[in-house]
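A.B. asks: fold the stuff below for me.
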Amino acid sequence: MKNTFSVLFYPKRRDSDLPDKASVYMRVTVNGRRSELSINRKVNVSKWNQKAEKLSGTKEEVKDFNNYLDAVRNKVYNVQQQLLRNGTKITSQAIKNSYLGKGEKQMMLLEAFQSHNEQMEMLVGREYALSTVKKYKTAYKHLKTFLAYKYRLKDIPIERLNHSFITNFEFYLKSVKNCNHNSTIKYIKNFKKIVIIALSNGWIDKDPFINYKVHTKGVEREFLTKEEIQLMLYKKLHAPRLEQVRDIFMFCCYTGLSYSDVKKLTKDNLVKGIDGEMWIKTNRIKTNTPSNIPLLPTALMILDNYKDHIEVINGDVLLPVLSNQKSNAYLKEIADLCGIKKNLTTHLARHTFATTITLSNGVPIESVSKMLGHKSLRTTQHYAKILDSKVSDDMSILRSRLNSSLKTKNAN
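C.D. replies: Numbering: from 1, shown residues only. Coordinates of the predicted model:
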């Protein structure tokens with residue numbers, strides 16, 4: 001939409017003014033919205049020509065005054081042109097402030113994003129997980145390189161964001177950064193949070209995401225089968241480091257705990273539950289939601305195997321957990337040794353717990369969700385898959401019941 005823009009001069013009397021004198025004001029109007037300011041000059045009202053917006057007369061002092069008005073008008077038009085060149089949103093207030101030398105500060109995108117990330121970082125462990133902060137930092141880096149790549153800019157005013165900027169950013173992530181669809185959408189959602197903050201603070205008055213509709217695609221999440229779990233659990237490994245990583249991974253498979261949650265476990269998290277059995281009771285780092293898990297025999301066996309480990313004895317840890325990077329590297333080595341073709345990562349254990357250990361053995365999804373520390377069943381459904389074998393077993397039970405009912409009916 002093209003901006004309408006005008007400048008008007010007029011005398012404004014006040015009760016305290018002399019009857020024949022009035023202060024001259026300038027009115028700047030942009031798209032119907034006005035801003036007024038005094039030009040710090042007074043005129044004789046009887047000599048003012050409102051149609052020409054000047055004083056009438058040929059005296060030298062009149063010419064000087066009218067020349068001053070022309071200079072003021074030209075300065076205002078120059079201000080408007082400079083704001084246009086800077087990509088600033090043109091408003092009557094912005095022109096007024098710039099004319100007065102105040103320079104209405106524009107909120108910049110990366111500046112706002114950086115401030116948001118710094119605040120998040122200060123709340124790690126209380127409101128946010130470190131992994132969440134890292135994702136926002138990565139989104140910030142992608143935006144920064146995108147601005148340099150596409151627009152040759154170090155930063156951009158938030159008010160300049162539009163639908164084209166968002167779609168260009170999406171294309172950049174997929175093409176230049178080679179991000180898959182779901183990773184791209186997650187980065188854009190991180191970016192969108194900054195836009196929501198800008199809207200809430202009044203830094204922008206229109207949401208550039210209003211016509212941007214994209215959803216993540218369903219992903220086939222891998223998990224270990226019962227046979228693969230047994231193969232990996234009893235595989236003779238040639239190095240203690242591999243055995244340690246395998247055992248911690250198996251503990252995650254039988255508890256559903258994520259890598260970060262297992263790493264932070266202390267002896268205080270091992271408690272006796274209401275059933276008299278041993279439980280893990282903790283709060284998830286990612287969401288701070290409770291995750292209470294009755295320990296299965298395999299998990300208890302692993303804890304017993306490491307109770308005399310030097311890190312467990314000398315430190316306040318329940319298990320000696322290596323770094324996530326090393327764990328994932330060693331898991332790939334273990335997968336090769338076991339002949340498992342899947343991409344083993346620490347997070348795959350969580351999928352395995354949801355699918356193979358619990359749901360396929362008849363544990364209700366509500367119980368699985370509670371143990372995983374999820375806030376909704378919808379989240380659990382992303383992890384959990386009902387195996388064909390479980391469907392077959394359930395239908396076999398139903399088939400037997402129906403056949404039994406049919407035989408009873410025929411006998412009568």
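
A.B. asks: next, the distance between the ends of stretch 155-169.
C.D. replies: 14 Å (CA to CA, to the nearest Å).

A.B. asks: other residues contacting that stretch?
C.D. replies: With contacts defined as CB atoms under 8 Å, 6 or more residues apart in numbering, stretch 155-169 is touched by 87-89, 106-112, 142-143, 146-147, 150, 188, 191, 194-195, 198, 203-204, 208-212. For every residue, glycine as well, the C-beta is placed using N, CA and C.

A.B. asks: for the strand or helix carrying residue 369, the distance to its chain's centre please.
C.D. replies: Following DSSP states H and E, one finds residue 369 within helix 365-372. Centre-to-centre, helix 365-372 and its host chain are 25 Å apart (CA atoms, centre = their mean, to the nearest Å).

A.B. asks: list the helices and strands that helix packs on?
C.D. replies: For helix 365-372, the packing partners by 3 or more CB pairs under 8 Å, 6 or more residues apart in numbering; DSSP states H and E come out as strand 290-294, helix 377-383.

A.B. asks: okay, these in TSV with distance to residue 363 and mean pLDDT next?
C.D. replies: Formatted as TSV, those follow (distance: least, CB to CB, whole Å; pLDDT from 0 to 100):
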stretch	distance to residue 363	mean pLDDT
strand 290-294	11	91
helix 377-383	11	77
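
A.B. asks: for the helix holding residue 369, buried residues please.
C.D. replies: Buried residues in helix 365-372, counting neighbours by 16 or more other CB atoms under 10 Å, are found at 365, 368-372.

A.B. asks: which residues does residue 344 contact?
C.D. replies: Contacts of residue 344 (CB under 8 Å, 6+ apart): 249, 328, 331-332, 334-335.

A.B. asks: if you rank the residues you listed by neighbours, which is first?
C.D. replies: residue 249 (26 neighbours; other CB atoms under 10 Å).

A.B. asks: just the element for that residue, please.
C.D. replies: helix 240-255.

A.B. asks: same for the next helix or strand after that helix, what does it pack against?
C.D. replies: Downstream of helix 240-255, the first helix or strand assigned by DSSP H and E is helix 259-263. Contacts defined by 3+ CB pairs under 8 Å, 6+ apart place helix 259-263 against helix 240-255, helix 324-338.

A.B. asks: let me know which of the ones you listed is tucked in deepest.
C.D. replies: The highest average neighbour count among these, using mean count of other CB atoms under 10 Å, belongs to helix 240-255 at a mean of 21.

A.B. asks: I'd like to know how many residues surround residue 56.
C.D. replies: Quick note: residue 56 (other CB under 10 Å) scores 12 neighbours.

A.B. asks: could you check how far it is from residue 46?
C.D. replies: To residue 46, residue 56 is 9 Å away according to CB to CB, to the nearest Å.

A.B. asks: ok, residue 58 next?
C.D. replies: Separation of residue 58 from residue 46 (CB to CB): 16 Å.

A.B. asks: touching stretch 186-193 from outside, list them.
C.D. replies: The contact list for stretch 186-193 (CB under 8 Å, 6+ apart) reads 113, 116, 135-136, 138-139, 142-143, 166, 169-170, 173, 179, 209, 214, 216.

A.B. asks: got the CA positions of the helix holding residue 369 in PDB?
C.D. replies: The C-alpha trace of helix 365-372 is given here as PDB (Å, rounded to 0.1, in the frame of the first residue of the first chain):
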ATOM      1  CA  ILE A 365      -0.400 -45.500  26.900                       C
ATOM      2  CA  GLU A 366      -1.500 -43.400  29.800                       C
ATOM      3  CA  SER A 367       1.000 -45.100  32.100                       C
ATOM      4  CA  VAL A 368       3.700 -44.900  29.400                       C
ATOM      5  CA  SER A 369       3.100 -41.200  29.100                       C
ATOM      6  CA  LYS A 370       3.400 -40.600  32.800                       C
ATOM      7  CA  MET A 371       6.600 -42.600  33.100                       C
ATOM      8  CA  LEU A 372       8.100 -40.600  30.100                       C
END
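
A.B. asks: contacts for that helix next, please.
C.D. replies: 255-256, 291-293, 350, 353-354, 358-359, 376-377, 379-381, 383-384.

A.B. asks: which intervals of the stretch 301-412 of the chain have sub-threshold pLDDT?
C.D. replies: Along the stretch 301-412 of the chain, segments meeting pLDDT under 70 span 383-391, 406-412.

A.B. asks: can you check the chain too?
C.D. replies: Applying pLDDT under 70 to the chain flags residues 1-2, 14-19, 102-105, 216-220, 383-391, 406-412.

A.B. asks: did I read that right, residue 287 in a helix?
C.D. replies: No - Residue 287 is assigned coil when assessed by DSSP: H, G, I helix; E, B strand; the rest coil, not a helix.

A.B. asks: ok, it touching residue 379?
C.D. replies: No - applying CB atoms under 8 Å as the test, residue 287 and residue 379 come out as separate, 9.4 Å apart.

A.B. asks: sorry, back to before: who are the packing partners of the helix holding residue 249?
C.D. replies: With contacts defined as 3+ CB pairs under 8 Å, 6+ apart, the packing partners of helix 240-255 are helix 226-233, helix 259-263, helix 297-305, helix 324-338, helix 348-352.
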